[in-house]
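Undergrad: What follows is a predicted protein model with its sequence.
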Amino acid sequence: MITEIGITAGDIWHYLDKHESATLDQLAKGTGKPKDLVLMSLGWLAREGHVNLGDEKTGYLARLSLPRN
């Protein structure tokens, strides 16, 4: 399971690098991964400081924390 979370975290990273920001629903659809796996991967990325997450009012909007190239 840890491997799946890590792979999905990479998929999320690439999706956000391309799209700048996304909601949970957009990430699940865009990566083709189940929402529960996307949530675990977002938690991993947030814990490591790689993404910023909004609140429920913004639909859990996620953005990369690091400068984009």
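TA: Thanks, I have it.
Undergrad: Hmm, Arg63 and Glu20 touching each other?
TA: Yes. The pair Glu20 / Arg63 is scored as a contact, 6.8 Å apart, by C-beta atoms under 8 Å. Using the backbone N, CA and C atoms, a C-beta is placed for each residue, glycine as well.
Undergrad: Touching the strand or helix carrying Ile12 from outside, list them.
TA: In the assignment (DSSP states H and E), Ile12 maps to helix 2-19. Contacts to helix 2-19, defined as C-beta atoms under 8 Å, 6 or more residues apart in numbering, come from residues 22, 26-27, 30-31, 33, 37-38, 40-42, 44-45, 50-51, 62-64, 68-69.
Undergrad: List the buried residues of it.
TA: By neighbour count on 16 or more other C-beta atoms under 10 Å, the buried set for helix 2-19 is Ile5, Thr8, Ala9, Asp11, Ile12, Trp13, Tyr15, Leu16.
Undergrad: As JSON lines, those with distance to Lys57 and pLDDT would be great.
TA: Formatted as JSON lines, the buried residues of helix 2-19 follow (distance: C-beta to C-beta, whole Å; pLDDT from 0 to 100):
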{"residue": "Ile5", "distance to Lys57": "26", "pLDDT": "96"}
{"residue": "Thr8", "distance to Lys57": "25", "pLDDT": "97"}
{"residue": "Ala9", "distance to Lys57": "25", "pLDDT": "97"}
{"residue": "Asp11", "distance to Lys57": "26", "pLDDT": "98"}
{"residue": "Ile12", "distance to Lys57": "21", "pLDDT": "97"}
{"residue": "Trp13", "distance to Lys57": "24", "pLDDT": "96"}
{"residue": "Tyr15", "distance to Lys57": "22", "pLDDT": "97"}
{"residue": "Leu16", "distance to Lys57": "19", "pLDDT": "96"}
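Undergrad: coming back round to it: more crowded one of Glu20 and Arg63?
TA: Comparing Glu20 with Arg63 by other C-beta atoms under 10 Å, the one with more neighbours is Arg63, at 14 against 10.
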